[in-house]
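1. Quick one: sequence and predicted model below, then my questions.
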Amino acid sequence: MKKLYVMIGLLALVALATGSFAVSPGTDAAGTGPGQTGGGPGWQKGPGPGFQGAHGRWASDLNLTKEQRETLSALRKRQWEELKPLRGQMYEKRQEMRGLYTNPAADDAAIVAKQKEVNVLQQQMQDKTIQFRLEQRKIFTPEQLTKMKEMPWGRGRGACGGHGRGRTRG
């Protein structure tokens, strides 16, 4: 009988713990993506590339004004929303690609055609990202752009101590 209670307790614990992982990475509890506090696409509304929360590293290293921080936040949020449909389409196309690759009866031409669809979406996302960076660039002063060029960016530890793009340590 004691084993039965222990088993029920463990099952209840697993059921409760599973709910904490129900929200997908990159979303908040409402499923809306970056949080109001400047978080980027990552678990726990972590920072996106280069920002460290609400522009922590950029704000201090580049001496951003409050207006620059607000403009950058609004721009980043707009970019996130504009890319949302493309990210959804990309997810669907990649799932379709996975289905084709794992289907022994799939035709090679179908796989190549699906990859071309993925390539088109990737190009659209890259085009929007370039536009975002060009708009972002207009926010910085010439001095800040010069200083940004000298900042030690590269491969390093990402948000929440994970691997990924981050600032290298000198």
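-> Looks like it arrived, so ask away.
2. only C-alpha atoms for contact and neighbour calcs from this point on.
-> Noted.
3. which parts of the strand or helix carrying residue 84 are buried?
-> Using DSSP states H and E, residue 84 sits in helix 66-101. For helix 66-101, burial by neighbour count (16 or more other Cα atoms under 10 Å) applies to 68-69, 72-73, 75-77, 79-80, 87, 90, 93-94, 97, 100.
4. pLDDT below threshold where in this structure?
-> 1, 3-59, 153-170 (pLDDT under 70).
5. any chance you could map the strands in it?
-> Counting by DSSP state E, the chain has strands at residues 153-157, 163-167.
6. ok, now how distant is residue 138 from residue 144?
-> 11 Å (Cα to Cα, to the nearest Å).
7. Those two: which is more packed in?
-> residue 144 (17 against 10; other Cα atoms under 10 Å).
8. how about the closest residue to the more buried one other than its chain neighbours, what does it touch?
-> Excluding the flanking residues, the one nearest residue 144 by Cα to Cα, 6 or more residues apart in numbering is residue 62, at 5.6 Å. Residue 62 makes contacts with 144, 147-148, as judged by Cα atoms under 8 Å, 6 or more residues apart in numbering.
9. quick one: which of those sit in helices?
-> 144, 147-148 (DSSP state H).
10. quick check, nearest of those residues to residue 109?
-> Proximity of these to residue 109 was ranked by Cα to Cα; the top entry is residue 148 with 45.3 Å.
11. Now that closest one: closest residue in space, sequence neighbours ignored.
-> In this structure, residue 148 finds its nearest non-sequential neighbour in residue 62, 7.1 Å apart by Cα to Cα, 6+ apart.
12. and the one you found, how far is that from residue 74?
-> 18 Å.
13. same thing with residue 124?
-> From residue 124 across to residue 74, the span is 21 Å (Cα to Cα).
14. Any figure for the gap between residue 144 and residue 115?
-> 40 Å.
15. my bad, residue 105
-> For residue 105, the distance to residue 115 (Cα to Cα) stands at 17 Å.
16. Let's see stretch 134-149 as CSV, backbone CA atoms only.
-> Taking C-alpha atoms only, stretch 134-149 is exported to CSV below (Å, rounded to 0.1, in the frame of the first residue of the first chain):
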residue,chain,number,x,y,z
LEU,A,134,19.3,49.6,-41.1
GLU,A,135,16.6,51.3,-39.1
GLN,A,136,18.4,50.4,-35.9
ARG,A,137,21.6,51.9,-37.2
LYS,A,138,19.9,55.3,-37.7
ILE,A,139,19.2,55.5,-33.9
PHE,A,140,22.9,55.5,-33.0
THR,A,141,25.2,58.5,-33.1
PRO,A,142,28.3,58.3,-35.3
GLU,A,143,30.4,58.0,-32.1
GLN,A,144,28.2,55.1,-30.8
LEU,A,145,28.6,53.3,-34.2
THR,A,146,32.4,53.7,-34.0
LYS,A,147,32.4,52.4,-30.4
MET,A,148,30.1,49.5,-31.4
LYS,A,149,32.7,48.5,-34.1
